[in-house]
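1. okay, sequence plus prediction incoming.
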Number of protein chains: 2
Amino acid sequence: MSNPLKQGAVIGILGGGQLGRMLSMAAARLGFKTHVFEPGANPPAQDVCHQVTTAPYTDVAALEKFAKSVDLITFEFENVPADALDLLETLRPVLPQRRALATSQDRIVEKEFLSDLGIDVAPFANVENSDDLARAVERVGAPSILKTRRFGYDGKGQYRLKSRDQAQQAWSELGQEPCVLEGFVDFSHEVSVIGARSQSGEVVCYDPGQNVHKNGILDTTTAPAKMVGSQRMDAVLLTGKILNALDYVGVMGVELFVTPKGLIVNEIAPRVHNSGHWTQDGCAIDQFEQHIRAVAGWPLGDGSRHSNVLMTNLIGEDIFALEDAAQDPDVCIHLYGKAEAKAGRKMGHTNKISPRTN
Amino acid sequence: MSNPLKQGAVIGILGGGQLGRMLSMAAARLGFKTHVFEPGANPPAQDVCHQVTTAPYTDVAALEKFAKSVDLITFEFENVPADALDLLETLRPVLPQRRALATSQDRIVEKEFLSDLGIDVAPFANVENSDDLARAVERVGAPSILKTRRFGYDGKGQYRLKSRDQAQQAWSELGQEPCVLEGFVDFSHEVSVIGARSQSGEVVCYDPGQNVHKNGILDTTTAPAKMVGSQRMDAVLLTGKILNALDYVGVMGVELFVTPKGLIVNEIAPRVHNSGHWTQDGCAIDQFEQHIRAVAGWPLGDGSRHSNVLMTNLIGEDIFALEDAAQDPDVCIHLYGKAEAKAGRKMGHTNKISPRTN
C-alpha cells in the first residue's frame, strides 16, 4: 500500500441512499468513519454512518464544512451538481475523478467516449431541436428509444418509439429536453460487469451478472451470467479499457447487451451498482468494500466468487412479503431502513446463494 | 413469523464494543435501527448505530430514557449490573432473559447448572474462605486453575496452580474474591459451538470451530473443527440442551474441551462470541444476524457453512501489520475502529475463506 488512508480516517460520501448506506458499512469494516452529505432528511445511510450533513448541494457553507471534516470524498450518486463538485475538489480529493462523472452524466458524451474507444454502442443521434429530431429519426429509424441526455434512471426519462411518426410526441413528453435517439438493439439478454480500478492502476472485474428488468427497474441479477467464455472475456476486457481510459479510481457498473454479433454497451455508471449487490454474499470482498479499498488506496480484492447468487430487488410493497425470504436459510436479506414503501421505490434486496458452478 | 419486530423498530443494545458494533450492522441489514447504551466514550458501535447513550449503568434517568426509546433490549456484555437489569426489565423485554445472565455471570452457578443437566464439566470446588480453599485443594488437587467466580474474561481473574502449596498465594493474588478451583482437564483441543434459539423454541447450531489461544486471549478459530462425526453431534446436542433448559432466546457461545473421554464444557457466554466471528464470511446468515433474528422474532438461519474459514484476531499492534491480509483476496477484514492499539486489546479480526470441505 503506497499511501493508504489511515485507520480512523473519515470518508465523505455524497448521497445517503442505499448505496451510501452499504458503502458506509463497508468503510466501517475497514476501520474508517463516514460522513454522509445528503439533501433529503433521514436518509437510509443515517443509521450506519458516523455523521450526516443534511443540506442542499447549493449550500456552500455546508459543503465547505463537510469537506473540511473528511479526508477524501466519494459519491453514491452521479448527478452531483457541477458547482458543488467545483467547490469540493478545491478542498479534498474527490474519487472517482470528475471526468467519469462528466462522461456518464450525458448520454451523448458517454456514447461518443465509448465509440472513440472502439467499443460498440447502439446506433444513436443527438436531439436538441426539431431539425435534429427529424435527422435522428431518418438515421436511427424505429423501433427506437428517445432518452433524455441527463438525469435518467430506472427507466425514467425514456420513451419507446414503435414507429417514426411517434417521434414528435415522444420529444414533447420528455419536455423537449436535450435527448438522444437510440436504435433498438436485438439482444438475447443484458449483463453487467462490475469493475474496479485502484490508485495504482490495477483493474479487477467480478464475473458478469445477468439482469432482468421489470417495469423499467432492475428485478433480478443472476451470477454467473449465461455467457460463453469468450464473451465473458470480451466483457471484462472492454470494462478494463473504459476504466483505464478514464484513469478511474473506484468501482464502476457497465451494462451490456449480449447480441449474436457481440457485446454492446448500454451505459456506464461511475459508482457501485444495483447489479453488483450479489457480490455481498457471493464474494469475499464485495463491490462496496472494493470501492472503499480503491478510493482509500488499499489493494483490491480479486473478485472471485465463492457462491452463485440470485439477487432480487424488493420494490415498494415487496418489503411486506418477506416471510418466504426469511424462512429460506440460503437467502441473505439486505434492507435499507426506508420509512415509506412507495411504489417503485427500492426498499431492499435479497441474495439467494447456492454452491458455485463453473 | 408470529409476532416479529417491525421494519424501522429500534433495538437497544447494552454495550458498544465490537460485538455491539457488529450486532448493529446486522440489525441494519434487517431494517432495524439500534440504540447503544455504553458507559465509555466513543465506543466502536458509535460509527454504525442510529443513536448512542453515554452513561454509567447506575444512571437511572439515562436507563429509563434509553429503554423508552427502544422496542426491545439485548446486550453484547454479560456483566450488566443487576440493578440496571431490574429497571430495564420493567420497561421493555430484555433478551436473552435474565436467567442466562445470572447463570453465566457466576462460575459456580454455571457449573452446577451444567452438572444438573448431566453435562460434564471439569472437577470444581467453591472457594469463599480459607477453609473452603483447603477443602478445594484437597478435593481438586493440582495442577488446577483458581478463577474468580465473576467478571473474568480473556484470561483475567485466573491463576494457574502447578502445586498445592501455591493455593494461598493464588487466592491472595486474586484479592481473596469468591473463587472456583477448577481441576486441570487433559484435552486435545478446544472447540466452540455457537448455538441459537428462537422465540418459538427452534434451535440451530453452527458447525463447531476449533480455538487456539495466545496469552490467554483467543488467537484463531478454524471452522470446521477437527472432530469425528459423533463428537460434533454430541457438541450440538449438549448446546441444544443448555439453550432449552434456559428457555433461551438469542445466540450463545459454548466453549468445549475435546478429551479422549468425551466433551467437557469450559464455559458458556450468553451472547455472540469471538469464536463465532468466522460465520460472517462462512455462512449466509452469521451469528450477529442470527442473534438479531432470534430476539426480533424472526426465523433463524440454518447455520450451514458455504466456506471453510480461518478467523484470526488482530490484537494490539497487529492492526498495523495489515498489509499481508489486505493483499490476500481470500481474506475478509473486520476492524473495530478503536482509536488506540493497546497491548491485549482486540482491534479487529480477519476471516480467510477457502472452499468448503466435509
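-> Looks like it came in fine.

2. how about the residues of the stretch 151-300 of chain A by chain B?
-> A:281, A:284-285, A:293, A:298-299 (C-beta under 8 Å from any C-beta of the partner chain). For every residue, glycine as well, the C-beta is placed using N, CA and C.

3. nearest to residue B:102 among these?
-> Of all those, residue B:102 sits closest to residue A:281, with 37.5 Å by C-beta to C-beta.

4. host element of the closest one?
-> Element membership for residue A:281 (DSSP states H and E) is helix A:279-282.

5. return the distance of the helix or strand that that helix is followed by from the chain's centre.
-> Counting by DSSP H and E, the next helix or strand C-terminal to helix A:279-282 is helix A:287-296. Offset of helix A:287-296 from its chain centre (C-alpha atoms, centre = their mean, to the nearest Å): 14 Å.

6. avg pLDDT for helix A:287-296?
-> Per-residue pLDDT values over helix A:287-296 give a mean of 98.

7. one more: stretch A:141-149?
-> Rounded mean pLDDT across stretch A:141-149 is 93.

8. only alpha carbons, please: show that stretch as CSV.
-> Output in CSV follows, covering the C-alpha atoms of stretch A:141-149 (Å, rounded to 0.1, in the frame of the first residue of the first chain):
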residue,chain,number,x,y,z
GLY,A,141,-35.3,4.8,-37.5
ALA,A,142,-37.8,2.8,-35.4
PRO,A,143,-38.3,0.9,-33.2
SER,A,144,-36.0,3.1,-31.1
ILE,A,145,-35.9,4.8,-27.7
LEU,A,146,-35.7,8.5,-27.1
LYS,A,147,-33.9,9.2,-23.8
THR,A,148,-33.1,12.5,-22.1
ARG,A,149,-29.4,13.1,-22.2
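
9. what about the stretch 1-150 of chain A, any weak spots by pLDDT?
-> Within the stretch 1-150 of chain A, the ranges that satisfy pLDDT under 70 run A:1-2.

10. pick out the residue of the stretch 51-200 of chain A closest to chain B.
-> residue A:51 (9.2 Å; C-beta to the nearest C-beta).

11. how does chain A divide up, domain by domain?
-> A:10-94, A:123-183, A:189-355 (automatic domain parsing).

12. picking that back up, correct me if wrong: the residue of the stretch 51-200 of chain A closest to chain B contacts residue A:45.
-> No - in this structure residue A:51 lies outside contact range of residue A:45 using C-beta atoms under 8 Å: 10.4 Å.

13. and for these two, which residues touch both?
-> Common contacts of residue A:51 and residue A:45 (C-beta atoms under 8 Å, 6 or more residues apart in numbering or on different chains): A:34, A:36.

14. compare neighbour counts for the two and give me the winner.
-> Remark: of residue A:51 and residue A:45, residue A:45 carries more neighbours, 28 against 16, as counted by other C-beta atoms under 10 Å in any protein chain shown.

15. thinking again about what came up before, skip the chain neighbours and tell me the closest residue to the residue of the stretch 51-200 of chain A closest to chain B.
-> Once flanking residues are discounted, residue A:51 sits nearest to residue A:35: 4.4 Å by C-beta to C-beta, 6 or more residues apart in numbering or on different chains.

16. any idea how far that neighbour lies from chain B?
-> As judged by C-beta to the nearest C-beta, to the nearest Å, residue A:35 and chain B stand 11 Å apart.

17. roughly how far is the helix holding residue A:281 from the heart of the chain?
-> 16 Å.

18. what about the helix or strand harbouring residue A:348, near chain B?
-> According to DSSP H and E, residue A:348 maps onto strand A:346-355. Yes - judged by C-beta under 8 Å from any C-beta, strand A:346-355 comes into contact with chain B at A:348, A:353, A:355.
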